[in-house]
Structure formats: C-alpha cells, structure tokens
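1. model this:
(one chain, ligands or ions: 1)
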Amino acid sequence: MAYLPLSPLDHLSYSFVLSALLVFLFLSGLLLVTYRLFFHPLAQIPGPRLAAATQLYEFYYDVICKGQYMNQFEGFHEKYGPVVRISPNELHCNDPAFIDQIYAGSAGGKKRDKSVFYLNGTQVHGSCFGSVTHDLHRLRRQTLNPFFSKASVTRLEPMIREFVDKIYAHVESYAGTNEPCNVSHAFVCMTTDLISQYAFGWNRNYTGTRSFKPNLTAAMVAGEGTIKLFQHVPFLLPLFESSPEWVAKLAAPGSEEYLHYQREVYGTVDDVFEGKIDVRNTEKQKTIFGEILDADLPREEKSRQRLKGSAREVIGAGTVTTANALAYAVYYIIATPGVIDKLYAEIINAFPNATEIPSCKNLENLPYLITVLHETLRFSCGICTRLPRLAHEPLFYSGTFKGKHYDITIPPNTAIGMSAQLVHSNPDIFPEPEKFRPERWLDEKGKRHKELDGYLLAFSKGTRQCLGINLAWGEMHMALATFVQRFGKRVELFETGPEEVVYTCMSTHMVVTSGSDCISWLTYLDDLFEPGRETYNGVQILVH
Ligand code: HEM
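-> Okay, here's the model as predicted:
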C-alpha cells in the first residue's frame, strides 16, 4: 500500500497549536502594554502604572469590588497631581478651575463627545444621553429642548401641583398613627407619574397608593447594579436585554425588575405607535411624544426605535434623580438643628395659606429655600459617577495644585472627567464641606452667592448638562416648600440615619454632621448613578 507523503502541517499537534496561540496572545498583550506605557499619547500623564497598562485594574475595583474605583481617585490626586491617568484611555481631573474647559458650552464652536466606555453600561440607545458624538447629540437634544424650557415648566405647574397634592394627601393620612411614611418612595411615585403624564398623557398611578408601593426604586437600583459589568463586558448587554426575565433573575437577582421596567417603557411606545395610547388627544396638556410626532422633523427622528430611546431616557433620568434630591432635602432639614424651623418661618411668612401650593416664580424669591436645595444637591452630588467628555480640541491645563505648578497638554479626543463629590467637598470652595450649611450659598448681603453656582456639578455643565434642570428645580421648589408648609411643625425622622442619604460619601475623609455634631463617619458606597445598594431603605418620617 502506498502512503501519501505527510505535509508539514500534519506534524502540528493540538498542543503545539495551543502553545503557539498562547505565545501569540502573550506577545500581543506585551506589545499592547508596552505601547500604552511608553508610546501612547497619554504615556506622559502620571497615574498608577497598572491602570495605564490595563483596563483590568479598573475592572477589579468596579466589577469585583462593586463600584469602588472612584474611592481611589482622591488618593491618586494626592499622589500624582491634578490630572491623573486612571485607565489606558481615560484621565480624571480634580481641579475645579478646569470645569469650564472639560464641560464647555457650545460658545466658540467647542465640541464635546461622550466616551463609548462610559455609555456602554447605561442602556440608553437612541437617546440624547446615549449619543457619542457632539453633532448627533445636538440634533437629538434640539428635539427635546423645548419641552424642558423654563416657559414649558411654568405651563406644567398645574400638573406638578396635582401630583404634589396627591402624595401629601397620603402623607397626611399617616398623621398621629405612629406608622412610618417613606418619603423616598413618595417622591419617586410623584416624579414617575409626572414625567409619564407629561411624556405620554398617561401614567401608572403610582401616586394612587398610600403605601407608595409599587414604585420604580427597586428596578432602578437593580439596573444600576448592572452598569459596571456592561461597561467592561459590553457584549453581555444585548444578551441581557433580550433574555427572559427569569434568566436575568438567575444571572443577577434583582436585574429582572429593571428589565421589566425597561420593557414596560418600550411597550408604552409600542402602544403609542399601535394607537392604543393617544398622545395627541390629551385635553389639558400637550405631551412630549404627541408634539414630537407632529413636529417637522426628519423621519428617522420620529421612528419607533428613536422614540423608545427618548422614552427610556426621560422616564429614567427624570424620576429617581429628583426624588432622591427631595428625600435627601427632607432628611437634612430635619437632621440639621434649626434648618426646618428657619425654612418654615420663611415659607409661612410668604405663603400663610397652607392649602395653596405657590408657583415656582414666587418660590424662587425665597432665599433660604433656594440655599437649602443647593446645599442638598452639593451633599447628594446628583449623579455620583465621574462624567467623562472628549474635547475635539487639545486642552491645556496650567495651574497650581497642592502647592505645585503643573502644565499639562491633554490631546484631542481624550476622555477626561471630573467627579462631583470631589468638587463639592473641596474646602477651598466650600469651607468645612462636611457641614450642611445652607447659608454658604448667600453672600454677606444675604443675596444669592452666584459665583458658587459654577462649582455645583449636580446637573453637570456645558452642552451635555441635564436636560431636565428646569423641571427638576420646579418639582423640588414646589414639593419641598409644600412639605415644610404642611408638615414642618409636626414631623420627625424614623429610623433614618445618614447612611440612607448617601450613595457615595463625599470624601473618604469626611464626616457627616448634624449642625456642629458629628453624626458618623461614612465610607464610599459605590460608583453608580443612584443609590445602587441592597441596604437602601430610604428616608422615613413620622407625622404627628
Ligand atoms: C435633581 C434632579 C436631577 C439631577 C441631579 C440630574 C442630573 C443629571 C446629570 C448630572 C446629567 C448629565 C449626565 C452625563 O453627563 O452623562 C443629566 C442628564 C440628563 N438629565 Fe438629568 N438630573 C435631574 C433631573 C432630571 C429630570 C427631572 C429630567 C427630566 C426628564 C432629566 C433628564 C435628563 C436627560 C434627558 C439627560 C441627558 C441630557 C443629554 O445628554 O443631553 N434630569 N442629569
């Protein structure tokens, strides 16, 4: 029998192929690390070498240690200076003087993109928030802008009043019962029904139940918990989004609630397209989606997919954020001696009739109320995760940090962000930052200290700052003033300590105080958007 000659490939065993593959991977890894450390455009920017070499450094803190990377930043800045390379392709800055450079407005044609890595986890495709490029963002944002102008929010006041009244009627029913009322849940019901009504002319009537349950908090908390994993392993996101809820529950208990919520929002848009919800035929109030569908916009801007992105965005962004700020305000005004009494006096003096909810325009004339809200947002930070931007032009940092001068050039298209909690706890801007002291927002003549506003990062800054600022302020003014007016003299906290009002501590070295008394030391919880933690109960009160 004649044998065919063996080709050289036939000598290759599986183990040889595997070894060759491993050597190849090792050498490519080595090459990549060498490039990142010595030849990358950010190679000269100081920071931990391991963080510059591999994303796994951040992965360890974010995924294995559950959102703990931000806890390292303060130490990084102590060691490396104002601008630190926190991962192979990203920088973090801790000099408030640089806010206007990173978060530039559109004046002078400055363009800011968002980082793909940052957006990977946030699950808002087809939205303003989720647009990577500046130009796409502008196009999408101009569609939504008119609905959130100051004039639009003024027109929305009757609706705000209606939902504020509705939740406080329930809160009143707790009076004298010794039964705790969860105001965190009350506020999230209010904000969810309000934004749903405004968006679709329809809401789930979360404000209809005295217990304020169900509400969106659990779904949001669960959703937050998945962000870091999807940021680092983005291919898991489409799998998650398309999986049945029971699979999501098995993989990450709690995440099924978020999936359920997301599908409900998308289902609402489907209902609009299938004519089951008529967003155009609302008697009292125009709706966001009715207006968008009637507007003279390119067809793709009105597509089902596009509107799902917007729906998910406005419902997601406009609910827990404002609700948290309000719940935190309630906590701080009660926990800090003297604040609620001073606020009560100001409000009752201006509006003695407790059955009428004053307009935002009138409430904006109450200096102490405004300072309380500013101080609350300083403490609560709004969104606690870092918010990176990519400038189209190079940025030049030149400044003194901890007594040393630095000149740093940041190449164009580099992700660089700041963290609100580091700016908000900077003692050069906010002396004794650990103290809840609303008066710091007033100048020596008792007028608003507007210069400080530039350092309030709760809504971010520049072209990509919060779209819902006016609505958030409107809701916060009306809901907090009415709370104080109706319950200010007969309310106390119930089993609510400072741990309920931090999703991140402002600084590892800070203590939260009540007036001048230290309440407790706090540690960072996690680097997420909202209080993404299982132990979160919310702010509870007793009404007498
Ligand atoms: C106290 C309440 C609120 C806080 C602290 C807050 C905070 C923020 C922050 C920091 C951003 C920027 C995120 C980034 O840079 O990636 C943002 C974006 C956004 N917020 Fe708010 N927000 C609040 C209330 C609202 C409300 C009531 C709405 C109403 C729908 C809203 C809608 C949005 C939207 C749509 C974006 C994306 C804007 C864009 O990318 O152009 N927010 N918010």
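2. In this protein, what residue comes closest to the ligand?
-> Of all residues in the chain, Gly468 sits closest to the ligand, at 2.1 Å by CB to the nearest ligand atom. All C-beta atoms are positioned from the backbone trio N, CA, C, and that covers glycine.
3. Which residue, other than its chain neighbours, is closest to that residue?
-> Distances taken as CB to CB, 6 or more residues apart in numbering put Gly318 closest to Gly468, at 5.1 Å, once the chain neighbours are dropped.
4. what number of residues lie near the one you found?
-> 24 (other CB atoms under 10 Å).
5. Kindly report the same for Ala151.
-> Ala151: 9 surrounding residues under other CB under 10 Å.
6. Could you check which helix or strand contains it?
-> helix 150-155 (DSSP states H and E).
7. near the ligand, anything from that helix?
-> No: on the criterion CB under 6 Å from any ligand atom, helix 150-155 is out of touch with the ligand, staying 9.6 Å away.
8. CA atoms of the helix or strand that that helix is followed by as CSV?
-> For helix 150-155, the following helix or strand on the C-terminal side (DSSP H and E) is helix 157-172. The C-alpha trace of helix 157-172 is given here as CSV (Å, rounded to 0.1, in the frame of the first residue of the first chain):
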residue,chain,number,x,y,z
GLU,A,157,-47.1,73.8,37.1
PRO,A,158,-50.8,72.7,37.4
MET,A,159,-49.7,69.1,36.8
ILE,A,160,-46.8,69.4,39.3
ARG,A,161,-49.3,70.8,41.8
GLU,A,162,-51.7,67.9,41.2
PHE,A,163,-49.1,65.2,42.0
VAL,A,164,-47.7,67.1,44.9
ASP,A,165,-51.1,67.4,46.4
LYS,A,166,-51.8,63.7,45.7
ILE,A,167,-48.7,62.4,47.6
TYR,A,168,-49.2,64.8,50.5
ALA,A,169,-52.8,63.7,51.0
HIS,A,170,-51.4,60.2,51.6
VAL,A,171,-48.6,61.6,53.9
GLU,A,172,-51.3,63.4,55.9
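9. residues in contact with helix 157-172?
-> Helix 157-172 is contacted by residues 181, 183, 186-187, 189-190, 193-194, 197-198, 207-210, 212, 284-285, 357, 359-360, 474-475, 478-479, 482-483, 486-487, 541, 543 when judged by CB atoms under 8 Å, 6 or more residues apart in numbering.
10. got a list of what the residue nearest the centre of the chain touches?
-> Residue closest to the average C-alpha location in the chain (CA atoms, centre = their mean): Ile383, at 3.2 Å. Listed by CB under 8 Å, 6+ apart, the contact partners of Ile383 are Thr321, Ala420, Ala458, Ser460, Phe529.
11. And Val539, by the same measure?
-> Asn182, Val183, Ser184, Ala327, Tyr328, Val330, Tyr331, Leu493, Thr496, Glu500, Val501.
12. out of those residues, who's near the ligand?
-> Applying CB under 6 Å from any ligand atom to the contacts of Val539, none is adjacent to the ligand.
13. Which ones among these map onto strands?
-> Using DSSP state E, the subset of the contacts of Val539 located in strands is Asn182, Leu493.
14. got CSV for the contacts of Val539, with pLDDT, neighbour count and distance to Ala20 too?
-> As requested, those are arranged in CSV below (pLDDT from 0 to 100; neighbours: other CB atoms under 10 Å; distance: CB to CB, whole Å):
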residue, pLDDT, neighbour count, distance to Ala20
Asn182, 96, 23, 61
Val183, 96, 28, 63
Ser184, 93, 27, 58
Ala327, 93, 28, 59
Tyr328, 91, 23, 58
Val330, 96, 27, 64
Tyr331, 93, 26, 61
Leu493, 95, 17, 66
Thr496, 86, 23, 61
Glu500, 71, 20, 56
Val501, 72, 25, 57
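15. about what we covered before: for Pro498, see how far away the residue nearest to the centre of the chain is.
-> 20 Å (CB to CB, to the nearest Å).
16. list the buried ones in the longest helix anywhere in the chain?
-> Secondary structure assigned by DSSP state H gives helix 14-34 as the longest helix of the chain. Under the neighbour-count criterion of 16 or more other CB atoms under 10 Å, helix 14-34 has Val33 buried.
17. one step back: could the contacts of Val539 go into a markdown table alongside distance to Asp428?
-> Converted to a markdown table, those look like this (distance: CB to CB, whole Å):
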| residue | distance to Asp428 |
| --- | --- |
| Asn182 | 38 |
| Val183 | 34 |
| Ser184 | 33 |
| Ala327 | 30 |
| Tyr328 | 24 |
| Val330 | 30 |
| Tyr331 | 27 |
| Leu493 | 32 |
| Thr496 | 32 |
| Glu500 | 29 |
| Val501 | 25 |
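18. Closest to Glu375 out of the contacts of Val539?
-> Tyr328 (10.0 Å; CB to CB).
19. Could you tell me which residues of this protein lie near the ligand?
-> 128-129, 141, 195, 313-314, 317-318, 321-322, 325, 382-383, 387, 458-460, 464-468, 471-472.
20. What's the ChimeraX line that selects buried ones from the residues you listed?
-> For the buried members of those, the matching ChimeraX selection, counting by 16+ other CB under 10 Å, is:
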select :128,129,141,195,313,314,317,318,321,322,325,382,383,387,458,459,460,464,466,467,468,471,472
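21. Count the neighbours of the closest residue to Val372 other than its chain neighbours for me.
-> With sequence-adjacent residues excluded and distances taken as CB to CB, 6+ apart, Val372 is closest to Pro438, at 4.7 Å. Neighbour count of Pro438, defined by other CB under 10 Å: 23.
22. distance of Pro438 from Thr336?
-> 9 Å.
23. pLDDT averaged over the helix or strand that contains Gly290 - what is it?
-> Taking DSSP H and E as the criterion, Gly290 maps to helix 288-294. On average, the pLDDT along helix 288-294 is 85.
24. what's the answer for stretch 303-314, then?
-> 89.
25. can you check stretch 102-110 too?
-> 90.
26. re earlier: can you name the residues that contact the residue nearest to Gly468?
-> With CB under 8 Å, 6+ apart, Gly318 has these contacts: Thr191, Ile195, Gly468, Leu471, Ala472.
27. Which strand or helix spans the last one?
-> So the one you mean is Ala472. For Ala472, the host element (DSSP H and E) is helix 469-487.
28. can you give me the angle that helix makes with helix 157-172?
-> 40 degrees (axes from the mean of the first three to the mean of the last three CA atoms, to 10 degrees).
29. got the buried residues for helix 469-487?
-> Along helix 469-487, these residues count as buried under the neighbour rule (16+ other CB under 10 Å): 470-487.
30. In PDB, list the C-alpha atoms belonging to stretch 256-276.
-> The C-alpha coordinates for stretch 256-276 follow below in PDB (Å, rounded to 0.1, in the frame of the first residue of the first chain):
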ATOM      1  CA  GLU A 256     -35.200  41.300  36.200                       C
ATOM      2  CA  GLU A 257     -37.100  44.200  37.800                       C
ATOM      3  CA  TYR A 258     -35.100  46.600  35.700                       C
ATOM      4  CA  LEU A 259     -35.600  44.600  32.600                       C
ATOM      5  CA  HIS A 260     -39.300  44.500  33.300                       C
ATOM      6  CA  TYR A 261     -39.400  48.300  33.800                       C
ATOM      7  CA  GLN A 262     -37.400  48.800  30.500                       C
ATOM      8  CA  ARG A 263     -39.800  46.600  28.600                       C
ATOM      9  CA  GLU A 264     -42.800  48.500  30.000                       C
ATOM     10  CA  VAL A 265     -41.400  51.800  28.800                       C
ATOM     11  CA  TYR A 266     -40.700  50.300  25.400                       C
ATOM     12  CA  GLY A 267     -44.200  48.700  25.400                       C
ATOM     13  CA  THR A 268     -45.700  52.200  26.100                       C
ATOM     14  CA  VAL A 269     -44.000  53.500  22.900                       C
ATOM     15  CA  ASP A 270     -45.300  50.500  21.000                       C
ATOM     16  CA  ASP A 271     -48.800  51.300  22.300                       C
ATOM     17  CA  VAL A 272     -48.400  54.800  21.000                       C
ATOM     18  CA  PHE A 273     -47.500  53.500  17.600                       C
ATOM     19  CA  GLU A 274     -50.300  51.000  17.600                       C
ATOM     20  CA  GLY A 275     -52.800  53.600  18.500                       C
ATOM     21  CA  LYS A 276     -53.600  52.200  22.000                       C
END
